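Undergrad: sequence and computational prediction follow.
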Amino acid sequence: MGRIVNTTQLIEQANSNINSRYDIWPKNIEDIVNTSRTSYDMVVKGFRFGYMQGMKATRAEGRKQA
């Protein structure tokens, strides 16, 4: 059960660390839910959305430092 606790703790830490410009919003969640065939598909799409938001945040940070 250690991995579940670590996963939950990581998600809870994100609550205070995510810049609101890159957070997920209800419309994003609706889109993911409405285009997913299964709960597995929903999780994968949610991960991919988060990954792309992270990429945007990284690029923005790079522009800020340049």
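TA: Structure's in. What do you need? Numbers count the residues shown, from 1 in each chain.
Undergrad: which helix runs longest in the chain?
TA: In the chain, taking DSSP state H as the definition, the longest helix is helix 39-65.
Undergrad: which strands or helices does it pack on?
TA: Applying 3 or more CB pairs under 8 Å, 6 or more residues apart in numbering; DSSP states H and E, one finds that helix 39-65 makes contact with helix 26-35. The C-beta positions use only the backbone N, C-alpha and C, and glycine is treated the same way.
Undergrad: relative to the whole chain's centre, how far out is the helix it packs on?
TA: In terms of CA atoms, centre = their mean, to the nearest Å, the centre of helix 26-35 is set 13 Å apart from its chain centre.
Undergrad: what does that helix rub up against?
TA: Applying CB atoms under 8 Å, 6 or more residues apart in numbering, the contact partners of helix 26-35 are M42, K45, G46, F49.
Undergrad: ok, the residues you listed vs R21, which is closest?
TA: Sorting these by distance to R21 puts F49 at the head of the list, at 14.1 Å, by CB to CB.
Undergrad: what's the spacing between that closest one and M42?
TA: 10 Å (CB to CB, to the nearest Å).
Undergrad: now I24
TA: Plainly put, I24 is 12 Å away from M42 if you go by CB to CB.
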